[in-house]
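**Q** When you get a sec, could you give me coordinates for this:
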Amino acid sequence: MLPKYRPPTPPGTLLREIMQDFGLTKSEVAKSLGLTRGKVDGLLTGRARITASDALRLAKVLRTTPELWLNLQMNVDLWKAQNELKKGLSGLKPLKQLEPTQPVDITVEDWRKLEDMAQKQGISADVLAAMILHRCLRAVKL
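**A** Numbering: from 1, shown residues only. The predicted structure follows:
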């Protein structure tokens, strides 16, 4: 969940703290990541965004996960977009065809089955549920 009253922590802040904790220089980090010193400086200052490639490199070198770095970047991006588009988003309404006509109940057992299916496909259960819903809506041409 995004913080409401302050920007989320940028990935560069975490990278800077790790560098300080281990006494690493920008040059050492850049060399170990296979990036330029300028790119590392951009990540540290927030002028450069974390890409999927950067996240994979950081995860490998720092023994973290790429999702950690991408989630930090995504939170920053979403927070900025929410604040930039605040007025524009308030005027948007959901498509009438997508308004629920009746609630859908799902049992714990069904959700566990969905989680198992999602895990086999390497995606989250929420993503799989959204994909199934999308296909159902396309099938009935809403």
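**Q** neighbouring contacts of the lowest-mean-pLDDT helix or strand in the chain?
**A** Here the helix or strand of the chain ranked lowest by mean pLDDT, DSSP states H and E is helix 125-139, holding a mean of 75. Helix 125-139 has contacts (C-beta atoms under 8 Å, 6 or more residues apart in numbering) with 98, 111, 114-115, 117-118, 121. (C-beta placed from N, C-alpha, C; glycine too.)
**Q** If burial is judged by neighbour count, which of those residues pass?
**A** 114, 118 (16 or more other C-beta atoms under 10 Å).
**Q** Now do the contacts for Leu58.
**A** Contact analysis of Leu58 by C-beta under 8 Å, 6+ apart lists 15, 33, 50, 64, 66, 69.
**Q** what about burial for the residues you listed, which qualify?
**A** 15, 33, 50, 66, 69.
**Q** what about dumping the CA coordinates of stretch 38-49 to CSV?
**A** Provided in CSV are the C-alpha atoms of stretch 38-49 (Å, rounded to 0.1, in the frame of the first residue of the first chain):
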residue,chain,number,x,y,z
GLY,A,38,26.7,7.6,-13.9
LYS,A,39,23.8,5.0,-14.0
VAL,A,40,24.5,4.1,-10.3
ASP,A,41,24.6,7.8,-9.4
GLY,A,42,21.3,8.2,-11.3
LEU,A,43,19.8,5.4,-9.3
LEU,A,44,21.0,6.8,-6.0
THR,A,45,19.6,10.3,-6.7
GLY,A,46,16.4,9.1,-8.3
ARG,A,47,17.1,10.6,-11.7
ALA,A,48,17.3,7.1,-13.2
ARG,A,49,14.5,4.5,-12.8
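**Q** How about residues contacting it?
**A** Contacts for stretch 38-49 (C-beta under 8 Å, 6+ apart): 10-12, 15-16, 19, 26, 29-30, 33, 50, 54, 73, 76-77.
**Q** Much appreciated, bye for now.
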